[in-house]
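Chemist: fold the stuff below for me.
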Amino acid sequence: MRITRVRLFEVRLPLVHRFQTSSHAKSTLDHILIEVIDADGRVGWGEIASPAGPFYCSETTSTAWDICVNFLLPTVLDADWDHPEQVDALWSRIRGHEFAKAGLVGAAWDLWCRAEGVPLGAALGGTRDRVRAGVSLGIEATIDDLLTQVAHQVEAGYHRVKLKIGHGWDIEPVRAVRGAFPDLDLHVDANGVYASDDQTLDHLAELDAFGLTMIEQPFAPRDLLGHARLQRRIGTDVCLDESVVDLHDLELMIALAAGRVLNIKVSRMGGLTVARAAHDMARDAGIPVWCGGMHEFGIGRAANVAISSLPGFTLPSDVSGSDKYYARDVITPPVIARDGWVEVPAAPGLGYQVDVEWVKANTLRSFDSAEV
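Modeler: Model (predicted):
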């Protein structure tokens, strides 16, 4: 197989509800959509779901665009490969920039699956025809506002609710939600905002009282020792997210016992091939995994649904319906959650059609390798 043309679209969509984490807030999302075309005219789609600013990680929409256009595409265009597992090797000399790589290799997987006539989930080794969905809620203006948002998601049938926490917004919001929803599968995510000193460890240990499924990424990405200290001190499972960028990080997490749960984000780990390998390594180590989200548009969301069908994804994943975030998505039909379940498409590739005209209508800038 040979990719002969690549088009990029930087697309902006408004969120239906403003989303705030411990580091920043957002009302719109800018993601880069990638269309690859092979020598026979077949098409595949991928999504670079990097944040716009350097708060979650060092990558941004702007850096991903530059790396993709100037470094990744030259390694892929007109290169011969037989299976998308081989695509990562084409850019082996390029360090980092996992979000940019994830979008391009995701497009290669979609292209190959469509050419072979197989669904993406099956090609990855998925064993389920539907996956359990959870939702992630941001920091709200008041606890009453938070309780209203949680109630909406519970009424929609979602199997798990994740709360963003931060300094001054942790113990009391969790206490209120747990009091109102005593049986809810509930976990919290700090996005690395806390320092791992003894006082903070004591403070976070108070969350043990609320029966949380996990405490996700309380400390900075490289502070695996701090996470290991916290995990020894508390009964609640620690989940790592930003700390695990590649398989070496996962090996270190396992060796240090720095957490008992892994959030696999396809974008953060450089794409579907590496994410599947992380799933296999975690499963062999007895670590349950779930698929985290980056507020992906429908293309990236569909890839998340596909990988969530693998057997090691035993916890609800962030694969909620498109309508949770966007009034109109870039795929047809949109991803739909029914009573907290999302069906894994049986059609070839991602299993959805891209609404190209809607993509173009919301494009901030574009690139076409055929015009260079």
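Chemist: where does the stretch 201-350 of the chain dip in pLDDT?
Modeler: Along the stretch 201-350 of the chain, no part satisfies pLDDT under 70.
Chemist: in this protein, which residue is closest to the centre?
Modeler: For the chain, the residue nearest the mean C-alpha position is residue 293 (2.8 Å; C-alpha atoms, centre = their mean).
Chemist: and it, how far from residue 301?
Modeler: 7 Å (C-beta to C-beta, to the nearest Å). For glycine as for every other residue, the C-beta is placed from the backbone atoms N, C-alpha and C.
Chemist: overlap of the contact sets of the two?
Modeler: residue 319 (C-beta atoms under 8 Å, 6 or more residues apart in numbering).
Chemist: hang on, isn't residue 19 packed against residue 138?
Modeler: Yes - counting by C-beta atoms under 8 Å, residue 19 touches residue 138, with 4.2 Å between them.
Chemist: which residues are common contacts for these two?
Modeler: residue 25.
Chemist: where along the stretch 151-300 of the chain do the strands fall?
Modeler: Under the criterion DSSP state E, counting those that start in this stretch, strands of the stretch 151-300 of the chain are mapped to 160-164, 186-189, 215-216, 238-240, 261-264, 289-291.
Chemist: need the ones you listed in TSV (columns: mean neighbour count).
Modeler: Below are the strands of the stretch 151-300 of the chain laid out as TSV (neighbours: other C-beta atoms under 10 Å):
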stretch	mean neighbour count
strand 160-164	24
strand 186-189	24
strand 215-216	27
strand 238-240	27
strand 261-264	25
strand 289-291	26
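Chemist: can you list the domains in the chain?
Modeler: According to automatic domain parsing, the chain comprises the domains 3-117+356-366, 122-343.
Chemist: who touches the nearest residue to residue 40 once chain neighbours are set aside in this structure?
Modeler: The shortest distance from residue 40 to any non-neighbouring residue, by C-beta to C-beta, 6 or more residues apart in numbering, is to residue 115 (7.9 Å). Contact analysis of residue 115 by C-beta under 8 Å, 6+ apart lists 1, 38, 40, 42.
Chemist: just the buried ones from the residues you listed?
Modeler: 1, 38, 42 (16 or more other C-beta atoms under 10 Å).
Chemist: the second one: what's it in contact with?
Modeler: Residues in contact with residue 38, defined by C-beta under 8 Å, 6+ apart, are 1-4, 44, 111, 115.
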